[in-house]
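J.: With the sequence up front, the predicted model follows.
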Amino acid sequence: DCSSLTGITIPDGVTSIEEGAFDECESLTSITIPASVTSIGDYTFSGCTSLTTIAVGAGNVNYTGFNGVLFNKEKTTLHTYPAGKTGASYTIPDSVTSIEAGAFSYCKSLTNITIPDGVTSIGVGAFSGCSSLSSITIPEGVTGIGEWAFRYCSSLTSITIPDGVTSIG
């Protein structure tokens, strides 16, 4: 909740960024994850509505930044889409199989998110606060949708959920 924090330098040597560490830092515009970081908690950047890009230091073995979006190194897990990133639509890369908890939280400019068929897991609060999101199609491989996945999605008029989903939180 450091609403005036505009920038931060995380020193090399930091190995873990805990859950919610920068939650609601609404003036934070960019951040670089150093190469030394091996774990990042859920909702680390939730509510950072000015955050437009997340970069990852060269040599980080666990994480990568791609077009300002934070992924695990293999790009199979989408960790965080910066809430301040501009653009009305986003297509998740085909390599992604898991959307982490809070991954798109408070991405108010997104009206459309395309989820690839390979996704099997949608985390808690994954799209929470996406107030411009109007419709979404969950791919066939998904079996569970986390709690509060679409909380505060006030423009959402259509969700297509496949037959294989056995749990909606």
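T.: Happy to help now that I have it.
J.: Count the residues that sit near residue 148.
T.: Number of residues near residue 148 (other CB atoms under 10 Å) recorded here: 18. Where you see a C-beta, it was placed from the backbone N, CA and C, and this is true even at glycine.
J.: Is the residue positioned nearest the centre of the chain within a helix or a strand, and which one?
T.: Geometric centre of the chain, nearest residue: residue 103, 1.9 Å, by CA atoms, centre = their mean. Here residue 103 is covered by no helix or strand, with elements defined by DSSP states H and E.
J.: Quick check: bridge partners of residue 159?
T.: Counting by DSSP bridges, residue 159 forms beta bridges with residue 136.
J.: Report the contact partners of it.
T.: Counting by CB atoms under 8 Å, 6 or more residues apart in numbering, residue 159 makes contact with 135, 136, 137, 138, 150.
J.: ok, now residue 99?
T.: 77, 78, 92, 115, 119, 121, 122, 123, 126.
J.: try it again with 10 Å
T.: Residues near residue 99 by CB atoms under 10 Å, 6 or more residues apart in numbering: 77-79, 81, 92, 113, 115, 119-123, 126-127, 142, 145-146, 149.
J.: Which pLDDT value goes with it?
T.: Residue 99 is assigned a predicted lDDT (pLDDT) of 98.
J.: Just the buried ones among the contacts of residue 159, please.
T.: Neighbour-count burial (16 or more other CB atoms under 10 Å) applied to these gives 136, 138, 150.
J.: With adjacent residues omitted, what lies nearest to the second one?
T.: Take residue 138 and drop its neighbours on the chain: the residue closest to it by CB to CB, 6 or more residues apart in numbering is residue 161, 5.2 Å away.
J.: and the one you found, how many residues sit next to it?
T.: Per other CB under 10 Å, the neighbour tally for residue 161 reads 12.
J.: now do residue 24
T.: Neighbourhood size, residue 24 [other CB under 10 Å]: 17.
J.: and what of residue 124?
T.: When neighbours are counted by other CB under 10 Å, residue 124 comes out with 19.
J.: on that earlier part again, give the contact list for the residue nearest to residue 138.
T.: Applying CB under 10 Å, 6+ apart to residue 161 gives the contacts 136, 137, 138, 142, 145, 168.
J.: Please apply the same query to residue 149.
T.: Residue 149 neighbours (CB under 10 Å, 6+ apart): 99, 101, 104, 122-128, 136, 138, 159, 168-169.
J.: Can you tell me which of these comes closest to residue 32?
T.: Here the nearest of the contacts of residue 149 to residue 32, counting by CB to CB, is residue 104; it sits at 20.9 Å.
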